[in-house]
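[1] no FASTA, just this:
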């Protein structure tokens, strides 16, 4: 924005907000308050030639910048002039709303003024920060009894500093003895500045101790503090200041093992991507990115390029998660802090809200909000999550969730009531194959046997649905053997419920037998809810099976394709050519229908998922809404929509249905 402002100024165009504030701090001020616009226009009128440019940037942030401006010009009388000054600017949207001028020797004063105008970082508070605040207050008052009440009886303290390493301490008595020894060496007070929080029980703080002497003895360190369910400090891990990455990793690991455990896959994907960024590894997959910030520095398609430019311009650029405001299996809303220094010494920092959506181990959507727009970010997250839940939400998914909830607490009677009397399970797995089991009693005996194994976790994710009665899921069972290492077992399951809402059948497959599992799902759909539209569904299923095998589906001679997506890569009429190139460029393609939103004799509205690996090793995945029509056994039309534009896709399909004669 700053560069655009100067480019406009040199064309004698002003980009100042109407209520722009200007203050001239120079020893010989020439611009009165409110007179900046008139002063600039007078300079243009008085000069035959005028050029101003940013010579050096000293501080850059989301709110504005401090920089040295160089300007030169030739007056109407032929007088050459050149001058430099320090300028502080703040921005509001795409306009400058404040300009303060300083003599070029007064950089320190300009930087101090910039800090004064910059909003203070938001307070990061949770239950852990409140307990730590109580700890410092009681230390200052030498209230050892009160301090003891804030410490768990079995507290564990680990000192990982290299020089002043106190090793490990266990128990309340040892911790109290240590903190009293700290007081005995002259430390009068402790200060904890919150750096990051996770959930309610974890905080990473910059801790320092001081005394009241003029010399100001003040040791500094980083500390991860974790409280237990009784709001007492249960764990403290200490680090040197330069070991920031290790401290953040410790914070995230403890969050993953505790409050984030229910959404472990999501949180691991987010932290892995952050760690990769801080290793200067660019994103390896496409994602949707939208910038809602008022300044709008990134166009929708420019985030990847912007990330790479940060590394080029600011090699010391780092990002970190300050706070997690919402976390679910679908993604998270976080406060993100970016900071760094360029080779020229320019310090840059941003703080913003990020909305992240996750699929598997990758981030598929990133939306950015100003740091004071948390409510808007949370509302947007709820909207996206609701759409995603609705996409894979059917009666079968509800029954499966109820079944898992009952299994988690070993409520065998409630589980038995979920199975139909004639329930059966067909096991197609290659190694642990239990064959076919019939009846509720056999199913209950099998689940009791599973519960007797040393299972630490069962993670079930929905992969695809068909109608209301069918679902394909992936189950991951985490076991712990007799040694210290855990191992997992995975399987795919096609579940079918009957008209009474009871589980009627379950068919299990190995995870690498995905095509067979999808075929089973589609065959059961064809025999059940899709039977009235058997020819239509058979043609659609065959077409997507062909795509997954690297073949193009059959189409009519007058086939029509239209791409309605916001970043439409396919021109009208180019779909087949695009598919041929995409299929030739990728290996291990998997293309399948994730959900069926509408099915009639004319065609269907479906969400399809495509995954693959390019010949260069790039993993790609995308999700698209398709409104397709069928003529005989061939596709006659395909219109594509962004995955969250279901209402638009259904409206377009209804429009096509009204305009197409019914046979």
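    Alright, I've got the coordinates. Source: prediction; values computed, not measured.
[2] all helices for the stretch 301-450 of the chain, in order.
    303-313, 374-391, 395-408, 412-418, 440-452 (DSSP state H, counting those that start in this stretch).
[3] Turn those into a markdown table, including mean pLDDT and distance to residue 291.
    Any C-beta I mention is one placed from the backbone N, CA and C, and that applies to glycine too. Formatted as a markdown table, these follow (pLDDT from 0 to 100; distance: least, CB to CB, whole Å):
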| stretch | mean pLDDT | distance to residue 291 |
| --- | --- | --- |
| helix 303-313 | 64 | 8 |
| helix 374-391 | 83 | 12 |
| helix 395-408 | 84 | 33 |
| helix 412-418 | 88 | 46 |
| helix 440-452 | 84 | 47 |
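[4] Using TSV, lay out those together with distance to residue 261.
    Conversion of the helices of the stretch 301-450 of the chain to TSV gives the following (distance: least, CB to CB, whole Å):
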stretch	distance to residue 261
helix 303-313	30
helix 374-391	19
helix 395-408	13
helix 412-418	23
helix 440-452	20
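[5] and of the ones you listed, who's closest to residue 206?
    Ranking these by proximity to residue 206 (CB to CB) places helix 374-391 first, at 23.6 Å.
[6] the domain parsing of the protein - what is it?
    2-117, 127-257, 261-391, 395-527, 531-659 (automatic domain parsing).
[7] Now these in TSV, please, with extra columns for mean neighbour count.
    Output for the domains of the chain, formatted as TSV (neighbours: other CB atoms under 10 Å):
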stretch	mean neighbour count
domain 2-117	15
domain 127-257	16
domain 261-391	17
domain 395-527	16
domain 531-659	17
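[8] one step back: of the helices of the stretch 301-450 of the chain, which is nearest residue 427?
    Short answer: helix 440-452, nearest of the helices of the stretch 301-450 of the chain by CB to CB, at 9.8 Å.
[9] what's that closest one packed up against?
    helix 412-418, strand 419-427 (3 or more CB pairs under 8 Å, 6 or more residues apart in numbering; DSSP states H and E).
[10] circling back: right, and the helices of the stretch 301-450 of the chain - which one's nearest residue 209?
    helix 374-391 (33.5 Å).
[11] now the angle between helix 395-408 and the closest one, please.
    Angle between the axes of helix 374-391 and helix 395-408 is 100 degrees (criterion: axes from the mean of the first three to the mean of the last three CA atoms, to 10 degrees).
[12] My reading is that residue 68 lies in a strand. Confirm?
    Yes. Checked against DSSP: H, G, I helix; E, B strand; the rest coil, residue 68 lies within a strand.
[13] ok, it - contacts?
    Shown in contact with residue 68 (CB atoms under 8 Å, 6 or more residues apart in numbering): 54-56, 58, 84-87, 104, 107.
[14] Who does it form a beta bridge with?
    Beta bridges link residue 68 to residue 56, residue 86, judged by DSSP bridges.
[15] Retrieve the pLDDT associated with it.
    Predicted confidence (pLDDT) at residue 68: the value is 90.
[16] Next one: it from residue 113, what distance?
    15 Å (CB to CB, to the nearest Å).
[17] cool, and residue 327?
    39 Å.
[18] One more: residue 203?
    Distance from residue 203 to residue 113, by CB to CB: 32 Å.
[19] and what of residue 356?
    35 Å.
[20] Next: residue 507.
    For residue 507, the distance to residue 113 - CB to CB - is 70 Å.
[21] swap in residue 175?
    Relative to residue 113, and taking CB to CB, residue 175 is found at 44 Å.
[22] Ok, residue 377 next?
    Residue 377 is 31 Å from residue 113, by CB to CB.
[23] same deal with residue 652?
    56 Å.
[24] Past the helix or strand that residue 269 is a member of, which element shows up next along the chain?
    Assessed by DSSP states H and E, residue 269 sits inside helix 264-278. Next helix or strand after helix 264-278 toward the C-terminus (DSSP H and E): strand 288-291.
[25] Report all helices and strands that that next one contacts.
    So strand 288-291, by 3+ CB pairs under 8 Å, 6+ apart, packs with helix 303-313, strand 362-370.
[26] if we can go back for a sec, is it possible to get a markdown table of the helices and strands packed on helix 440-452 that adds distance to residue 220?
    Shown next, in a markdown table, are the helices and strands packed on helix 440-452 (distance: least, CB to CB, whole Å):
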| stretch | distance to residue 220 |
| --- | --- |
| helix 412-418 | 55 |
| strand 419-427 | 60 |
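[27] Now do the same contact list for the nearest residue to residue 250 once chain neighbours are set aside.
    Nearest residue to residue 250, sequence neighbours excluded (CB to CB, 6 or more residues apart in numbering): residue 224, at 5.0 Å. Residue 224 makes contacts with 202-204, 235-237, 239, 247, 250-251, 254, as judged by CB under 8 Å, 6+ apart.
[28] which secondary structure element contains residue 224?
    Here residue 224 is assigned to strand 220-227, by DSSP H and E.
[29] partners of that strand, with directions?
    Here, using DSSP bridges, strand 220-227 pairs with strand 202-210 (antiparallel), strand 233-239 (antiparallel).
[30] can you pull the contacts of residue 194?
    By CB under 8 Å, 6+ apart, the neighbours of residue 194 are 123-125, 129, 203-205.
[31] now for these, which pair is the farthest apart?
    123 and 204, at 14.6 Å, using CB to CB across the contacts of residue 194.
[32] Tell me the spacing between residue 582 and residue 512.
    Taking CB to CB, one finds residue 582 at 23 Å from residue 512.
[33] again, but for residue 147
    57 Å.
[34] what do you get for residue 624?
    Residue 624 is 25 Å from residue 512, by CB to CB.
[35] about what we covered before: now the helix holding residue 269 against strand 362-370, angle please.
    Using the same axes, to 10 degrees: helix 264-278 against strand 362-370 is 70 degrees.
[36] Show me what helix 264-278 packs onto, helices and strands only.
    helix 244-257, strand 318-327, strand 331-341, strand 347-359, strand 362-370.
[37] Can I get these in a markdown table including distance to residue 432 and mean pLDDT?
    Converted to a markdown table, the helices and strands packed on helix 264-278 look like this (distance: least, CB to CB, whole Å; pLDDT from 0 to 100):
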| stretch | distance to residue 432 | mean pLDDT |
| --- | --- | --- |
| helix 244-257 | 29 | 93 |
| strand 318-327 | 33 | 91 |
| strand 331-341 | 33 | 87 |
| strand 347-359 | 28 | 84 |
| strand 362-370 | 29 | 85 |
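[38] among these, which is nearest residue 135?
    Nearest of those to residue 135, taken as CB to CB: helix 244-257 at 17.8 Å.
[39] Identify all contacting residues around the closest one.
    160, 196, 198-199, 202, 204, 222-224, 226, 235, 237, 239, 264, 267-268, 271, 275, 278, 320-321, 324.
[40] what's the distance between the closest residue to residue 60 other than its chain neighbours and residue 118?
    Spatial nearest neighbour of residue 60, chain neighbours left out: residue 348 (4.4 Å); criterion: CB to CB, 6+ apart. Relative to residue 118, residue 348 is positioned 13 Å away (CB to CB).
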